[in-house]
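Undergrad: sharing a sequence plus its predicted fold:
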Amino acid sequence: MSQTYINKLNYQDFVNPNKPNYITKEFEKLIREIGDCKSKLDEDRLIEQQIIKLKKFTKKKKIKPKQQSELVLRLLFCQLLGHDVSFAHILAINSSQESNLFYKFIGYLAASIFISTNEDLQLLMINSIQKDLKSDNTLAVSIALTTITKIITVDMIPAVLSNVLILLKHQEPLIRKKALTAMYTFLKQSPESILKHQKDFELMLDDKDISVTGVALDLFLFISKTKPKTIKHLVVSFVEILNLIISGKLPIEYDYREIHAPWIQIKLLKILSYLGQDDPNTSREIYQVVQLVLKESEIGFINGIFAGHAIMHECIKTITKLYPSTKLLELASIAAGKFVTSYSNNLKYLGITALTDLVLVYPEATNKHQIIIVDCLEDPDETLKRKTIELLFRITNKSNISFIVEKMLSYLKTQKDQKYKTSLVSRILKLAEEHGTNIKWYILTINKILQIFGDLVNHDIVYNIMKLISEGSLLEDEEDEEDEDDEEEKESGKEGSQLTKYDGNTALKIFSVNIYAEIISLKKPYPNILYQISLWVAGEYSYLCTNFTTEEIMVNVVDLINAFYISDETRAMAITALTKMVSHSGKYLEQIDTIIQKYSTSRNTDIRQRCFEMKGILQLPNIIDNILPPDSINTDIEIDTNLEFLNEFVENSLKNGGKKYISKEERIKMENELQLGINENKKKSKELRFEAYQSNNPQQSSTWRIPQQNIYEREVNNNQISNTIEIENSISLKVSGISQRWTETGYSGFKENENQNIENKKEKGEEKNTNDNNQNNQNNNNNNNNNNQNDNNDNNNNQINQNNNEKILDVKSFRFNRIGSKEPILEEENKIQEKNLNNDNNNNITTIKQKPPKTEEELKREKTVNALFNGVGSVRTSRKKSKSQKVNLNSKHITKNTIEKNNEKVENLIDLGSEKN
């Protein structure tokens with residue numbers, strides 16, 4: 001940048017050594033003190049003191065621009081050191097509106113850091129940004145464009161988009177590049193709104209300054225990833241730019257160690273790879289230029305220029321994404337081989353990465369480099385090893401599966417990361433299942449993996465192995481290999497192996513049981529998952545074993561049951577396997593009794609259950625073959641879903657009066673109908689009713705029941721206990737009068753008639769009460785005479801009354817207000833209750849029903865009770881006269897137990913009196 005250009009931009013105003021320094025001594029002291037802090041506590045203490053000072057300065061109404069810029073710098077230091085300075089963020093906005101470029105730069109810089117997440121302050125910046133975007137000062141425009149990329153949001157884009165589009169045609173390349181950078185920020189936040197102006201930044205591809213074109217390529221790279229079809233018409237332009245760069249027609253200032261504009265080349269290759277993907281026509285336009293770039297990059301690779309390595313690697317990635325071309329794929333494999341054969345681990349890593357992508361479209365790419373690739377597993381660089389493992393997974397096939405699995409297992413032994421080992425083991429098992437040459441190799445490989453890494457294997461593999469052995473399914477090409485081996489043996493005159501005389505399924509089972517019986521005999525602490533497979537195979541096919549007898553296998557299983565290194569689950573499976581072997585062979589060992597006796601009391605319920613099952617099965621030798629038949633896993637079990645064997649039982653039950661079974665569908669239907677009826681009733685209950693409360697028929701009456709009330713008896717005098725006024729427990733509300741006032745036609749009664757009815761009923765109730773009281777007094781006198789006769793005739797009753805005169809209490813004369821407290825009901829309280837009842841009667845709310853006439857039996861019983869209670873009353877009068885026999889009713893000596901005893905004694909006295917009468 002020339003000096004005239006600097007003068008034109010007023011750069012001297014920005015930093016001019018002849019002018020006074022903008023930084024004060026106090027600020028320099030603050031920076032020095034921060035650097036001298038020896039701990040975080042000292043630093044925090046210093047910053048907190050500084051924040052207190054800053055708060056005092058911010059309260060001033062007028063702050064000079066120079067002082068304001070210094071305050072913003074101090075706030076910036078406090079913010080970067082982790083302290084909250086949100087109280088003064090507005091100073092950054094004020095500083096960005098200054099005319100001085102230095103102050104403006106400080107304000108925009110602080111604003112991009114302070115208000116990146118504060119939407120309210122972001123909106124305040126729009127006016128300042130719009131003003132500076134229209135400024136004639138290039139530096140002011142540049143600072144505003146830089147700030148846009150930091151604080152812009154989707155809502156702010158429409159406010160500044162038009163100004164940025166105008167700046168795309170600015171005469172200065174710096175402003176055009178800044179404007180394109182702002183457009184790239186807009187494009188990432190709101191692609192749909194920016195793609196409408198695609199033609200505006202397409203013109204930037206023809207810009208005279210190649211640096212502007214390089215910035216524009218960022219926008220097209222983003223579009224090629226998201227919507228490549230919108231820029232496929234620009235493929236020719238991209239190819240021309242790339243040819244222009246390769247031919248060396250750019251200024252020399254864009255060269256990097258004899259490589260022309262390497263970073264622009266990489267951007268163009270990425271764009272072309274996305275545009276040519278799965279498109280043969282577009283790919284044909286790209287083939288030639290990519291080949292030229294690959295050839296030119298070899299010069300940089302030979303000279304050891306890193307930029308040349310990057311371009312070559314990007315060319316290989318581009319070839320793998322384009323529509324396949326055999327010529328280009330061969331060139332790419334040769335270039336990747338150069339990376340792999342390099343002495344630098346960094347270049348080897350690039351080569352392995354390139355081959356990993358290349359083998360997906362060109363599997364022959366690794367044929368010449370397999371040995372070198374496998375040797376990378378022995379390199380001390382861990383990242384290179386893991387990348388090589390990824391490549392080995394992709395190049396595995398039936399011809400190299402054995403070799404690659406062995407290398408991977410040896411690599412696994414050196415790993416310590418359990419998570420990585422678990423994922424790697426699962427992938428090896430998947431490879432063995434997909435590319436296994438035959439089932440024998442598969443079983444041996446799985447056993448080898450389980451012996452070392454059994455704890456990392458998913459337990460689903462157990463079921464897969466069992467199913468594979470039981471069904472006898474062969475992997476591809478197994479039968480062809482066996483046929484070829486048989487033909488070779490016939491031609492050579494040799495006898496076939498022992499397995500050839502069996503069919504494929506039986507031969508597989510014999511092979512498997514021999515292997516797993518040997519594993520059991522080794523008695524090594526292998527993982528439990530391996531022993532579980534071995535025990536199942538031994539239990540099912542021990543009679544087919546050729547290397548061991550059934551007795552030997554049973555002895556080994558007994559030893560395994562007693563081993564300490566197996567789990568309870570494995571021990572339970574061993575007991576079941578032992579049961580199967582006994583049933584299949586018909587041979588029994590003495591050690592089995594010891595096993596049953598020892599583990600029948602095990603804490604594990606599964607082991608205990610299996611011991612009892614084995615003991616019960618062995619006691620039924622006649623049907624043992626039917627319970628555990630050989631090779632029963634492949635027999636199909638017929639299931640009677642209709643349960644026809646229960647038809648006779650059902651018919652008999654129906655004849656005897658049993659209920660018919662209702663199916664699930666019918667039950668659901670009935671429940672739905674019931675629920676529908678309930679919902680309809682609810683709807684009806686919520687509707688308004690316009691009919692009268694009661695019909696004109698006087699015989700029909702409705703009463704409203706009041707909850708039951710407790711009525712207590714009260715003592716009248718010291719000698720007698722009067723009969724209490726008995727009120728019916730349920731007091732009813734009579735509504736017979738309502739029908740006279742409320743009818744279907746409406747209201748027809750008057751309030752005066754209602755009051756007269758209430759007064760008449762009140763007079764009748766008082767007359768009734770007086771008659772009842774007179775009758776009760778006569779009954780009491782009769783009871784007193786009867787009581788005296790009973791005392792003379794029965795001495796035993798007098799003795800009982802004299803012995804218990806201090807204990808018997810009239811329980812009915814007490815009420816309990818709370819637990820543990822007893823208070824007698826006073827006459828005043830009873831009067832209050834009667835008064836309340838009379839008030840209710842006056843209000844026509846409740847009425848006391850007349851008591852029905854008593855029968856002869858009730859009258860006799862009443863006389864007996866009154867006679868007995870009359871005696872109790874005399875005892876009370878004598879007890880009250882003596883102070884020693886006085887009972888304090890409020891004392892705590894009267895407990896619930898004494899009251900219950902008194903109740904029992906009163907009832908006994910009632911029974912005795914009734915018998916005498």
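TA: Alright, I've got the coordinates.
Undergrad: what segments of the stretch 251-400 of the chain are strands?
TA: Taking DSSP state E, counting those that start in this stretch as the test, the strands found in the stretch 251-400 of the chain are 255-256, 259-260.
Undergrad: looking at those, which is buried most?
TA: Neighbour counts (mean count of other Cβ atoms under 10 Å) averaged over each of the strands of the stretch 251-400 of the chain peak at strand 259-260, with a mean of 20. For glycine as for every other residue, the C-beta is placed from the backbone atoms N, C-alpha and C.
Undergrad: in its sheet, what does it sit against?
TA: Strand 259-260 has the following strand partners under DSSP bridges: strand 255-256 (antiparallel).
Undergrad: now the end-to-end length of stretch 339-351.
TA: 4 Å (Cα to Cα, to the nearest Å).
Undergrad: same question for it, mean pLDDT?
TA: Across stretch 339-351, pLDDT averages out at 90.
Undergrad: which outside residues touch that stretch?
TA: Stretch 339-351 is contacted from outside by 309, 312-313, 336-338, 352, 354-355, 369, 372-373, 376, 379, 381, 383-384, 387, using Cβ atoms under 8 Å, 6 or more residues apart in numbering.
Undergrad: same check, this time on stretch 523-530
TA: Outside stretch 523-530, the residues within contact range by Cβ under 8 Å, 6+ apart are 447, 450-451, 454-455, 457, 459, 461-462, 519, 556, 559-560, 563, 565-567, 569-570.
Undergrad: quick check: buried residues in it?
TA: If you call a residue buried by 16 or more other Cβ atoms under 10 Å, then stretch 523-530 has these buried ones: 526-530.
Undergrad: how long is it end to end?
TA: With Cα to Cα as the measure, stretch 523-530 spans 12 Å from end to end.
Undergrad: again, but for stretch 255-262
TA: Using Cα to Cα, the end-to-end distance of stretch 255-262 comes to 8 Å.
Undergrad: could I get the contacting residues of residue 558?
TA: 578, 589, 591-592, 595.
Undergrad: could you do residue 63 as well?
TA: Taking Cβ under 8 Å, 6+ apart, one finds 57, 71, 91 in contact with residue 63.
Undergrad: which elements pack onto whichever helix or strand the first one is part of?
TA: Just to be clear, that refers to residue 57. Here residue 57 sits within helix 40-58, counting by DSSP states H and E. Other elements packing on helix 40-58 under the criterion 3 or more Cβ pairs under 8 Å, 6 or more residues apart in numbering; DSSP states H and E are helix 25-36, helix 65-80.
Undergrad: out of those, which is the most enclosed?
TA: Mean neighbour count (mean count of other Cβ under 10 Å) peaks for helix 65-80 among the helices and strands packed on helix 40-58, with a mean of 20.
Undergrad: relative to helix 40-58, how tilted is that one?
TA: Angle between the axes of helix 65-80 and helix 40-58 is 150 degrees (criterion: axes from the mean of the first three to the mean of the last three Cα atoms, to 10 degrees).
Undergrad: residues contacting helix 65-80, please?
TA: Applying Cβ under 8 Å, 6+ apart, the contact partners of helix 65-80 are 22-24, 27, 30-31, 34, 47, 50-51, 54, 57-58, 63, 85, 88-89, 91-92, 94-95, 98, 100, 102-103, 106-107, 109-110, 113-114.
Undergrad: if you set the cut-off to 7 Å instead, what comes out?
TA: Residues from elsewhere that reach helix 65-80, judged by Cβ atoms under 7 Å, 6 or more residues apart in numbering: 22, 24, 27, 30, 47, 50-51, 54, 57, 85, 88, 91-92, 94-95, 98, 100, 103, 106-107, 110, 113-114.
Undergrad: buried subset of those residues, written for ChimeraX?
TA: Under the burial definition 16+ other Cβ under 10 Å, those of the contacts of helix 65-80 that qualify are selected in ChimeraX by:
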select :30,47,50,51,54,85,88,91,92,94,95,98,100,103,106,107,110,114
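Undergrad: related to what we said a few turns ago, which ones among the buried residues of stretch 523-530 lie within strands?
TA: Using DSSP state E, no member of the buried residues of stretch 523-530 sits in strands.
Undergrad: in stretch 381-399, what's buried?
TA: 384-385, 387-389, 391-393, 395-396.
Undergrad: now the residues you listed as TSV including distance to residue 441 and pLDDT?
TA: Putting the buried residues of stretch 381-399 into TSV (distance: Cβ to Cβ, whole Å; pLDDT from 0 to 100) gives the following:
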residue	distance to residue 441	pLDDT
384	30	91
385	26	91
387	28	92
388	24	91
389	21	91
391	23	91
392	18	90
393	19	90
395	19	90
396	14	89
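Undergrad: which one of these sits closest to residue 466?
TA: When the buried residues of stretch 381-399 are compared for distance to residue 466 (Cβ to Cβ), residue 396 wins out at 26.0 Å.
Undergrad: surely that closest one meets residue 433?
TA: No. Residue 396 lies out of contact with residue 433 (Cβ atoms under 7 Å); the separation is 11.8 Å.
Undergrad: can you give me the helices in the stretch 501-650 of the chain?
TA: Assigned by DSSP state H, counting those that start in this stretch, the helices in the stretch 501-650 of the chain fall at 504-522, 528-541, 550-561, 568-585, 590-599, 605-618, 624-627, 647-655.
Undergrad: turn the contacts of residue 558 into a markdown table, including distance to residue 147 and neighbour count.
TA: Output for the contacts of residue 558, formatted as a markdown table (distance: Cβ to Cβ, whole Å; neighbours: other Cβ atoms under 10 Å):
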| residue | distance to residue 147 | neighbour count |
| --- | --- | --- |
| 578 | 81 | 27 |
| 589 | 89 | 16 |
| 591 | 87 | 16 |
| 592 | 87 | 21 |
| 595 | 83 | 20 |
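Undergrad: among those, name the least confidently predicted one.
TA: In terms of pLDDT, the lowest of these is residue 589, showing 84.
Undergrad: just the pLDDT for the closest residue to that one other than its chain neighbours.
TA: Nearest residue to residue 589 in three dimensions, chain neighbours excluded: residue 554, at 5.6 Å (Cβ to Cβ, 6 or more residues apart in numbering). Per-residue confidence (pLDDT) for residue 554: 92.
Undergrad: quick revisit: could you flag which of the contacts of stretch 339-351 are buried?
TA: Applying 16+ other Cβ under 10 Å to the contacts of stretch 339-351 flags 309, 312-313, 336-338, 352, 354-355, 369, 372-373, 376, 384, 387 as buried.
Undergrad: which of those fall in helices?
TA: Secondary structure from DSSP state H places 309, 312-313, 336-338, 352, 354-355, 372-373, 384, 387 of these in helices.
Undergrad: from those residues, which is closest to residue 607?
TA: residue 387 (48.2 Å).
Undergrad: quick one: that closest one and residue 355 touch, right?
TA: No. Checked against Cβ under 7 Å, the pair residue 387 and residue 355 is beyond contact range at 9.7 Å.
Undergrad: rewinding a little: tabulate the strands of the stretch 251-400 of the chain in CSV, adding columns for distance to residue 141 and mean pLDDT.
TA: Shown next, in CSV, are the strands of the stretch 251-400 of the chain (distance: least, Cβ to Cβ, whole Å; pLDDT from 0 to 100):
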stretch, distance to residue 141, mean pLDDT
strand 255-256, 30, 88
strand 259-260, 31, 89
